[in-house]
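Engineer: how would this look folded up:
(chains A and B)
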Amino acid sequence: GENVEQHPSTLSVQEGDSAVIKCTYSDSASNYFPWYKQELGKRPQLIIDIRSNVGEKKDQRIAVTLNKTAKHFSLHITETQPEDSAVYFCAAQGAGSYQLTFGKGTKLSVIP
Amino acid sequence: DTGVSQNPRHKITKRGQNVTFRCDPISEHNRLYWYRQTLGQGPEFLTYFQNEAQLEKSRLLSDRFSAERPKGSFSTLEIQRTEQGDSAMYLCASSFRTSSRYEQYFGPGTRLTVT
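Structural biologist: This next block holds a predicted model:
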């Protein structure tokens, strides 16, 4: 089955700096890659996603890039703010399946 | 609130008891998913419904677990003879009916504690 590795597990940045979180996946047939933000005690919230036919997608301060050849995708957050502090999860969905396989998460701390 | 809802939000039970959780998806969604999340981990897939049909099941879903979605609307997840290892957050998610829409939206979860 699919396996998703996520790095780093923790990340601290100064407010205003950029943050990058990286994930790799094992199933070359995977075709959908969402990112979720989960604040303490809250539900995972979808913040951005990308499909395998697209290399990059941007939404204001958040962007995701996908390299299908290398089987990795990354989340980029620019101009970080304290409210960006949370745990971020990447996930992959295989072709012909609707289940998401999640990484173990990255705890992002934005220091004011 | 038009999002995914789950009840109860918290459940404390003694080992060996049965528990049942309910999930109400977003009304126009026909796909419904159950995941389990333990502390410090990402959600792990348990099972998936399209309308009332259960189409995918994880090997994590042992014989003690059963899920239903009898009328293609709300779903229930039952755990029989609970074990301490079942303690986790049980998350429900739903998604649109069209094949071109992939986004899964999560509910707030039911936190199960088995003592």
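Engineer: pull the CA atoms of stretch A:57-76 into PDB?
Structural biologist: Taking C-alpha atoms only, stretch A:57-76 is exported to PDB below (Å, rounded to 0.1, in the frame of the first residue of the first chain):
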ATOM      1  CA  LYS A  57      -0.500  25.500  -7.100                       C
ATOM      2  CA  LYS A  58      -0.700  28.700  -5.100                       C
ATOM      3  CA  ASP A  59      -3.300  30.300  -2.800                       C
ATOM      4  CA  GLN A  60      -2.200  33.600  -1.300                       C
ATOM      5  CA  ARG A  61       0.700  32.800   1.200                       C
ATOM      6  CA  ILE A  62       0.500  29.100   0.700                       C
ATOM      7  CA  ALA A  63       1.800  27.100  -2.300                       C
ATOM      8  CA  VAL A  64       2.300  23.400  -3.000                       C
ATOM      9  CA  THR A  65       4.700  21.900  -5.500                       C
ATOM     10  CA  LEU A  66       4.700  18.300  -6.900                       C
ATOM     11  CA  ASN A  67       7.500  16.400  -8.500                       C
ATOM     12  CA  LYS A  68       6.000  13.200  -9.900                       C
ATOM     13  CA  THR A  69       9.300  11.800 -11.100                       C
ATOM     14  CA  ALA A  70      10.900  12.000  -7.600                       C
ATOM     15  CA  LYS A  71       7.600  11.200  -5.900                       C
ATOM     16  CA  HIS A  72       7.700  14.100  -3.600                       C
ATOM     17  CA  PHE A  73       5.600  17.200  -2.800                       C
ATOM     18  CA  SER A  74       6.100  20.200  -0.600                       C
ATOM     19  CA  LEU A  75       4.100  22.900   1.200                       C
ATOM     20  CA  HIS A  76       5.500  26.400   1.200                       C
END
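Engineer: averaged pLDDT, that stretch. What do you get?
Structural biologist: The pLDDT scores in stretch A:57-76 average 96.
Engineer: now the closest residue to chain A within chain B: how far from B:Phe49?
Structural biologist: Here chain B gets closest to chain A at one residue, B:Gly42, 3.0 Å apart by Cβ to the nearest Cβ. Placement of C-beta: from N, CA and C, glycine included. Computed as Cβ to Cβ, to the nearest Å, the B:Gly42 to B:Phe49 distance reads 21 Å.
Engineer: low pLDDT regions in the chain?
Structural biologist: Picked chain A for this. Applying pLDDT under 70 to chain A flags no residue at all.
Engineer: please go with chain B instead
Structural biologist: For chain B, the stretches flagged by pLDDT under 70 are B:1, B:97-101.
Engineer: find the centremost residue of it, please.
Structural biologist: Geometric centre of chain B, nearest residue: B:Trp34, 3.2 Å, by Cα atoms, centre = their mean.
Engineer: checking my notes, that residue in a strand, right?
Structural biologist: Yes - if the criterion is DSSP: H, G, I helix; E, B strand; the rest coil, then B:Trp34 is within a strand.
Engineer: buried sites along stretch A:70-77?
Structural biologist: A:His72, A:Phe73, A:Ser74, A:Leu75, A:His76, A:Ile77 (16 or more other Cβ atoms under 10 Å in any protein chain shown).
Engineer: please name the nearest non-neighbouring residue to the second one.
Structural biologist: Nearest residue to A:Phe73 in three dimensions, chain neighbours excluded: A:Leu66, at 4.5 Å (Cβ to Cβ, 6 or more residues apart in numbering or on different chains).
Engineer: OK, contacts around A:Thr65?
Structural biologist: Residues in contact with A:Thr65 (Cβ atoms under 8 Å, 6 or more residues apart in numbering or on different chains) are A:Ile50, A:Gly55, A:Glu56, A:Phe73, A:Ser74, A:His76.
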